[in-house]
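Asks: output the structure for:
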Amino acid sequence: MRAAQVADAEVQFSHPWNARSQIRGTPLSQLVGLTRTGVSLARIAGGKESFVYHSHQREEEWIYILEGRAIAEIGDEEFEVGAGDFLAFPTPSVAHHLKNPFSDDVVYLMGGENRDTEVADFPRLGKRMVRVGSTITVYDTADGKPLGPLGP
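Replies: Just a heads-up that it's a prediction; the model follows:
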């Protein structure tokens, strides 16, 4: 993809569980036919956030900051991150989230795996998302029941 194509393919998206979620970006890997790896160029304006505080059970994720600053929530801590900083979330991952309380946009690459099955937890919302293929089911974690011991 040429730079003009990347710019022309930019879209805006947000997470439905976070009113401050607003990202402008280009799903680079999808546009060139990659199916197992996800890479997107993303931009968060000042006062906006990425998605919602979450963790992954099966899909690893990473972020590389290109321009600007942001606050990365990782576990129970917050870190200011800026250009050249790299964040990685191996599975099972610690919960994480990116927000931009600053006036300038933060621009970054984000990526990770695209597996057939994923389980993501949203600990502050008490929800778990299970995706199998293109089917997504969301559960309230308070409704979960232990299955009991497996095997003899």
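Asks: which stretches of this protein have low pLDDT?
Replies: Along the chain, segments meeting pLDDT under 70 are nowhere present.
Asks: what are the bridge partners for the residue lying closest to residue 57 once chain neighbours are set aside, then?
Replies: What sits nearest to residue 57 in space, not counting adjacent residues and going by C-beta to C-beta, 6 or more residues apart in numbering, is residue 119, at 3.8 Å. No exception for glycine: its C-beta is placed from N, CA and C like everyone else's. Beta-bridge partners of residue 119, counted by DSSP bridges, are residue 130.
Asks: ok, now how distant is residue 119 from residue 16?
Replies: 18 Å (C-beta to C-beta, to the nearest Å).
Asks: of the two, who's got more company?
Replies: Between residue 119 and residue 16, counted using other C-beta atoms under 10 Å, the more crowded position is residue 119 (16 against 8).
Asks: how near is residue 14 to residue 140?
Replies: On the measure of C-beta to C-beta, residue 14 and residue 140 end up 22 Å apart.
Asks: what about residue 66, how many residues nearby?
Replies: The local packing of residue 66 (other C-beta under 10 Å) involves 15 other residues.
Asks: and it, that one's in a strand?
Replies: Yes - the assignment for residue 66 by DSSP: H, G, I helix; E, B strand; the rest coil puts it in a strand.
Asks: residue contacts, it?
Replies: Contact analysis of residue 66 by C-beta atoms under 8 Å, 6 or more residues apart in numbering lists 83, 107-109.
Asks: and what of residue 107?
Replies: Counting by C-beta under 8 Å, 6+ apart, the residues that residue 107 touches are 41-43, 65-68.
Asks: now it: closest residue in space, sequence neighbours ignored.
Replies: Counting by C-beta to C-beta, 6+ apart, residue 107 lies nearest to residue 67, which is 4.2 Å off, once chain neighbours are set aside.
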